[in-house]
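Peer 1: Predicted structure and sequence below. I'll ask about it afterward.
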Amino acid sequence: MTALDTIEPQIGAPQDARPMRPFFILWIGQALSFLGSQTVQFAIIWWLTAETGSATVLATASFFGLLPPIIMGPFAGALVDRWNRKRVMLAADAMVAVTSLGLVVLFAMDLASIGAVFAALLIRAIGATFHSPAMLASTTLMVPERHLTRIQGINQMLEGGMLVIAASLGSLLVATLSMKGIMLVDVFTALIAILPLLFITVPQPERTPEQTAQEEADAVGPVQRTFLNVGEGLRYLRNRPGHMGIVGIAMGVNMLLIPAFSLLPLLVSEELSGTAIDLAWINSAFGVGAIIGGILLGIWGGFKRRVVTTLVGLILMGGASLAVGIAPTVLAAVAAMFAVRVIVTLVNGPIQAVLQATVAPDFQGRIFTLVGSLAGITAPVGLLLAAPIAELVGVRAWYIAGATACFLMGAIGFALPAVLKIEDEPPTETPAVVLPEVPST
């Protein structure tokens, strides 16, 4: 047995018998990369705010960050289900490193512009579009199902802890380093994420002999196969009314809530007369909320039906978002953002576990990205309206609208039997795909 054998998952073992060590080694590398990305993201957003003070610029930055997962997500998920997931994550992390290195050069040469930053945000989002489903789908095969909800709680704690550090570190770096130095941080942490992937085996979904034989017999090219895979995912999702109900609820929330939080720097700088340090305090409170929420979810685990935890959390999130929007001081905004993030954990963690438990492993890549794309497809509409409406009636109006959407969508979720019974829909077998008949020669 080699040293490598000790950190490889037992791919042939029953899912509940697989060791967790390989997953946590991978998880640590991704955690450090996440820290670098969040630190740099804070610095970039504040740089855009300080340079322009424009709601249009901030909304456009969010737009470029959301566009790739919405447009490319379904195809990325289909490809993740076919490609080696380890290589996908390696390529995505490398893309982040190269993009950040490009910005280092531009800032060093004093050639950086708003357009260049938008392009970098777009490329980074493309990398994340492939990386996220690869990591989520790999988690399902590396972690026993009984631990999936708790792992989601741990992930929320990770996100929260890193946000606390990233906000403080970001404000410190903004005050002490040039943007060139800040971007180098992202390059370094992306390389740290790549290192564990070089030594860990990431399991792939098991393929039946029939599936392999069918694919080998298909006389279709990779492009057509990708579209067929996306079609399979759409049919799989369409036949599961509970999942479609969750997608519809998320669409209603995201259209109004995402634009609100994309304008948070303006809420701080204009409505609360704050600085980068004040924004860092608010972001840190957001991170602490994720830690507390993760601890709560990890210990409690939520209601017996995980979807109920999500719907209750969604209604509570409406109240917390409203509190952010009407906050009279930075301190009040800090408290409200803490509450928002505690509750977001109760919304996102359980529903992610529901998807992991109710979607067949060989469909998870495309279903995760399809759900994300469909859920987020309304957000660009809201972002296009964000700037003119914010300039007309103020940033606070978006938070009131987002809170209203949370209240309404949470109530609708409780009224839909298919949503409440989503966990009764077990993973189904891979549906047969009718391919074009190939003429005999």
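Peer 2: In hand now; what should we look at?
Peer 1: Quick one: mean pLDDT for stretch 386-401?
Peer 2: Stretch 386-401 shows a mean pLDDT of 87.
Peer 1: Keeping just the C-alphas, turn it into PDB.
Peer 2: The C-alpha trace of stretch 386-401 is given here as PDB (Å, rounded to 0.1, in the frame of the first residue of the first chain):
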ATOM      1  CA  ALA A 386     -32.100  47.900  -9.800                       C
ATOM      2  CA  ALA A 387     -30.100  51.000 -10.800                       C
ATOM      3  CA  PRO A 388     -32.900  53.100 -12.200                       C
ATOM      4  CA  ILE A 389     -35.300  52.200  -9.400                       C
ATOM      5  CA  ALA A 390     -32.600  52.800  -6.700                       C
ATOM      6  CA  GLU A 391     -31.700  56.100  -8.200                       C
ATOM      7  CA  LEU A 392     -35.400  57.100  -8.300                       C
ATOM      8  CA  VAL A 393     -36.700  55.900  -4.900                       C
ATOM      9  CA  GLY A 394     -33.600  54.900  -3.100                       C
ATOM     10  CA  VAL A 395     -31.700  51.700  -2.200                       C
ATOM     11  CA  ARG A 396     -34.000  50.800   0.700                       C
ATOM     12  CA  ALA A 397     -37.000  50.100  -1.500                       C
ATOM     13  CA  TRP A 398     -35.300  47.000  -2.900                       C
ATOM     14  CA  TYR A 399     -34.900  45.500   0.600                       C
ATOM     15  CA  ILE A 400     -38.600  46.100   1.300                       C
ATOM     16  CA  ALA A 401     -39.500  44.400  -2.000                       C
END
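Peer 1: Okay, now the unreliable bits of the stretch 101-250 of the chain?
Peer 2: Across the stretch 101-250 of the chain, the ranges flagged by pLDDT under 70 are 143, 145-150, 152-153, 156-160, 163, 205-223, 225-226.
Peer 1: Strands along that one, start to end?
Peer 2: Taking DSSP state E, counting those that start in this stretch as the criterion, the stretch 101-250 of the chain contains no strands.
Peer 1: Tell me how far L173 lies from V268.
Peer 2: According to Cβ to Cβ, to the nearest Å, L173 and V268 sit 18 Å apart. Placement of C-beta: from N, CA and C, glycine included.
Peer 1: Next: Q204.
Peer 2: 45 Å.
Peer 1: do A120 as well
Peer 2: Remark: distance between A120 and V268 (Cβ to Cβ) = 23 Å.
Peer 1: Now for A360, how many residues are close by?
Peer 2: Number of residues near A360 (other Cβ atoms under 10 Å) recorded here: 16.
Peer 1: ok so, going back, who has more neighbours out of L173 and V268?
Peer 2: Comparing L173 with V268 by other Cβ under 10 Å, the one with more neighbours is V268, at 25 against 19.
Peer 1: Name all residues that make contact with the more buried one.
Peer 2: 274-275, 278-279, 282, 330, 333 (Cβ atoms under 8 Å, 6 or more residues apart in numbering).
Peer 1: what's near enough to touch S138?
Peer 2: Per Cβ under 8 Å, 6+ apart, neighbours of S138: 26, 85-86, 89, 202-203.
Peer 1: And the next helix or strand past the helix or strand where G372 lies?
Peer 2: Using DSSP states H and E, G372 maps to helix 364-376. Counting by DSSP H and E, the next helix or strand C-terminal to helix 364-376 is helix 379-393.
Peer 1: downstream neighbour of that next one in the secondary structure list?
Peer 2: helix 396-415.
Peer 1: Let me see the residues that make contact with the next helix or strand after that next one.
Peer 2: Sequence-wise, the next helix or strand downstream of helix 396-415 (DSSP H and E) is helix 417-420. With Cβ under 8 Å, 6+ apart as the test, helix 417-420 has contacts from 241-242, 244-246, 249, 305, 307-308, 311, 413-414.
Peer 1: Of these, select the buried ones using a PyMOL command.
Peer 2: To isolate the buried subset of the contacts of helix 417-420 in PyMOL, counting by 16 or more other Cβ atoms under 10 Å, use the following:
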select buried, resi 241+242+244+245+246+249+305+307+308+311+413
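Peer 1: give me phi/psi at L66?
Peer 2: Per-residue torsions, L66: phi -90, psi -20 (degrees, to the nearest 10).
Peer 1: Return the residues in contact with the nearest residue to it once chain neighbours are set aside.
Peer 2: Leaving out its chain neighbours, the residue that sits closest to L66 by Cβ to Cβ, 6 or more residues apart in numbering is A379, at 5.3 Å. Shown in contact with A379 (Cβ under 8 Å, 6+ apart): 66, 70, 254-255, 258-259.
Peer 1: Of those, which is the most crowded?
Peer 2: Neighbour tally across those (other Cβ under 10 Å): the maximum, 30 neighbours, falls on P259.
Peer 1: Figure out the helix or strand that that one lives in.
Peer 2: Secondary structure assignment for P259, by DSSP H and E: helix 241-262.
Peer 1: So which other helices or strands are in contact with that helix?
Peer 2: For helix 241-262, the helices and strands in contact under the criterion 3 or more Cβ pairs under 8 Å, 6 or more residues apart in numbering; DSSP states H and E are helix 55-82, helix 222-238, helix 306-325, helix 330-358, helix 364-376, helix 379-393, helix 396-415, helix 417-420.
Peer 1: lowest-confidence stretch among those?
Peer 2: helix 222-238 (a mean of 76).
Peer 1: Measure how far that helix is from the centre of its chain, please.
Peer 2: 22 Å (Cα atoms, centre = their mean, to the nearest Å).
Peer 1: angle of that helix against helix 241-262?
Peer 2: 100 degrees (axes from the mean of the first three to the mean of the last three Cα atoms, to 10 degrees).
Peer 1: Determine the set of other helices and strands touching helix 222-238.
Peer 2: By 3+ Cβ pairs under 8 Å, 6+ apart, helix 222-238 packs against helix 55-82, helix 241-262, helix 364-376.
Peer 1: mind putting these in CSV, distance to A323 included?
Peer 2: Putting these into CSV (distance: least, Cβ to Cβ, whole Å) gives the following:
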stretch, distance to A323
helix 55-82, 21
helix 241-262, 12
helix 364-376, 24
